[in-house]
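Novice: no sequence for this one, just the structure:
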């Protein structure tokens, strides 16, 4: 059997095209950066741009952006949510970049290292425009001069990682790395020598980012519910509210049918356009034991980085009757969850999830039940009348969540504060 390739590269009339290929089990091992290097010959790119697109992770887009800069090429990033692509040529205007999008962090030891850190609201608040893309590349080029390592991290869009990596290479950084606690270790996306995953995160990097990695593991809260119940939207809102009490992170555990930010962006921009659903359907994959074990292992690792991790959990198989909400093998993911929040439209769904969790001895971990109605309405949350520990919510519409996250206060006040306390265990318990 022919070995799969993580990217395809071809020459076109208007430049070089790099397209990422779907990874096995929705995942590529970063070691492919070393075994199949993404480099572009300056002769191929002479006077042309490099266009990159396809379903890829942040480190994949960073590798492509760095390759474009190393070849002296302009960069065009095609992503599902960006019609026509974003152009990031050399020499953009970095003065337009707002400080609340990106932090520049230097380690305390004064070494020639730089961290470019997207702030938590990055995916929701950074405008998608050629001016911003070019500005980010110019900012990274200026900031990276004289740097040995430039580390890209934080909750930013994949195109943002591509243009920052291009800028870091423009600025002659010796290495460009991407770091996310999901991957656990820094990934060298570009250098003249080694590429791929490092063995352990550098102490200076963890210290600079405030990751104590304390011996006490963090809390993992799982949001469960049937498909199309609004659980993914709810998990995003809950993570934002819990973040006010300390560092938190949301992890999409439904790799077979993910709800990525680009899908939500496209739905928000054109609710009647069928292409977002078609593009999302194209990236869906079949569940496998390897995928399930990988997700469980990631959840376990995230405990060492975050006091609270919000796990957006898969909804099960509803193509059969009765639905199988926790198919065989999926329980390895569910066992990593300390507390469940159940989002449901009706009592039948609540009963079904209780029964499924009971099979694995996990039903006592349900700490809150949220009844969802009127997804098209305004966002409201209130205690359920006469039902202690239960809630009612409206407005869990995918097309509205990103504007909500970008414009509403992250502070957990009123009902959200009470729900956050219930979930974190400050008040209440299993229900």
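Specialist: Yep, it's here. A quick note: this is a predicted structure, and the numbers were derived from the prediction, not measured. Numbering: from 1, shown residues only.
Novice: contact partners of stretch 22-29?
Specialist: Outside of stretch 22-29, the residues within contact range by Cβ atoms under 8 Å, 6 or more residues apart in numbering are 4, 6, 55, 57, 60, 197, 255-256, 258, 283, 285, 288, 290-291, 294. (C-beta placed from N, C-alpha, C; glycine too.)
Novice: measure that stretch end to end?
Specialist: Distance between the boundary residues of stretch 22-29 (Cα to Cα, to the nearest Å) amounts to 12 Å.
Novice: picking that back up, filter the contacts of stretch 22-29 down to the ones in strands?
Specialist: With DSSP state E as the criterion, strands contain residue 197 from among the contacts of stretch 22-29.
Novice: Looking at the contacts of stretch 22-29, which one is closest to residue 314?
Specialist: For the contacts of stretch 22-29, the residue nearest residue 314 by Cβ to Cβ is residue 256; the value is 6.9 Å.
Novice: Break the protein down into its structural domains.
Specialist: By the assignment in automatic domain parsing, the chain contains the domains 7-209, 219-424.
Novice: Please pick out the residue of this structure most distant from its centre.
Specialist: Relative to the mean C-alpha coordinate of the chain, counting by Cα atoms, centre = their mean, the farthest residue is residue 386 (37.4 Å).
Novice: how near is it to residue 419?
Specialist: Separation of residue 386 from residue 419 (Cβ to Cβ, to the nearest Å): 17 Å.
Novice: right, and residue 170 touches residue 90 too?
Specialist: Yes - contact status for residue 170 versus residue 90: in contact at 6.1 Å, counting by Cβ atoms under 8 Å.
Novice: For the protein, give me the ranges with low pLDDT.
Specialist: 1-4, 79-83, 120-125, 212-216, 244-246, 260-262, 265-283, 406-412, 426-431 (pLDDT under 70).
Novice: As a check, name the ranges of all strands in the stretch 51-200 of the chain.
Specialist: Applying DSSP state E, counting those that start in this stretch to the stretch 51-200 of the chain gives strands spanning 74-79, 82-88, 102-105, 113-118, 149-154, 175-179, 187-191, 196-197.
Novice: other SSEs contacting the second one?
Specialist: Using 3 or more Cβ pairs under 8 Å, 6 or more residues apart in numbering; DSSP states H and E, the elements in contact with strand 82-88 are strand 49-53, strand 74-79, helix 130-143, helix 158-170.
Novice: What count of nearby residues applies to the closest residue to residue 104 other than its chain neighbours?
Specialist: Once flanking residues are discounted, residue 104 sits nearest to residue 143: 5.6 Å by Cβ to Cβ, 6 or more residues apart in numbering. Residue 143 has 21 neighbouring residues, counting by other Cβ atoms under 10 Å.
Novice: need the contact list for residue 73.
Specialist: 15-16, 40, 45, 48-50.
Novice: Mind doing that once more with 10 Å?
Specialist: By Cβ atoms under 10 Å, 6 or more residues apart in numbering, the contact list for residue 73 reads 15-16, 40, 42, 44-51, 67, 89-90, 166.
Novice: likewise residue 224?
Specialist: Taking Cβ under 10 Å, 6+ apart, we find residue 224 in contact with 231, 235, 311-316, 325-326, 334, 337, 340-344, 349, 353, 356-357, 366.
Novice: Kindly report the same for residue 248.
Specialist: If you count contacts by Cβ under 10 Å, 6+ apart, residue 248 has them with 120, 218-219, 221, 238-242, 306-310.
Novice: Pull up the gap between it and residue 366, please.
Specialist: Residue 248 is 20 Å from residue 366, by Cβ to Cβ.
Novice: Out of the contacts of residue 73, which end up buried?
Specialist: Buried by 16 or more other Cβ atoms under 10 Å: 15-16, 40, 45, 48-51, 67, 89-90, 166, out of the contacts of residue 73.
Novice: Would you tell me what helix or strand the residue farthest from the centre of the chain is located in?
Specialist: Under DSSP states H and E, no helix or strand contains residue 386.
Novice: Just put the strands of the stretch 51-200 of the chain in a markdown table and tack on mean neighbour count and distance to residue 320.
Specialist: Shown next, in a markdown table, are the strands of the stretch 51-200 of the chain (neighbours: other Cβ atoms under 10 Å; distance: least, Cβ to Cβ, whole Å):
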| stretch | mean neighbour count | distance to residue 320 |
| --- | --- | --- |
| strand 74-79 | 24 | 35 |
| strand 82-88 | 18 | 38 |
| strand 102-105 | 16 | 47 |
| strand 113-118 | 22 | 41 |
| strand 149-154 | 25 | 41 |
| strand 175-179 | 27 | 40 |
| strand 187-191 | 24 | 39 |
| strand 196-197 | 18 | 39 |
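Novice: Out of these, flag the one nearest residue 11.
Specialist: It's strand 74-79; of these, that one is closest to residue 11 (Cβ to Cβ) at 14.5 Å.
Novice: Between strand 82-88 and the closest one, find me the angle.
Specialist: In terms of direction (axes from the mean of the first three to the mean of the last three Cα atoms, to 10 degrees), strand 74-79 departs from strand 82-88 by 150 degrees.
Novice: Would you mind getting the angle between strand 74-79 and helix 130-143?
Specialist: Using the same axes, to 10 degrees: strand 74-79 against helix 130-143 is 120 degrees.
Novice: Tell me the strands beside strand 74-79, with direction?
Specialist: Partners of strand 74-79 in the sheet, by DSSP bridges, are strand 49-53 (parallel), strand 82-88 (antiparallel).
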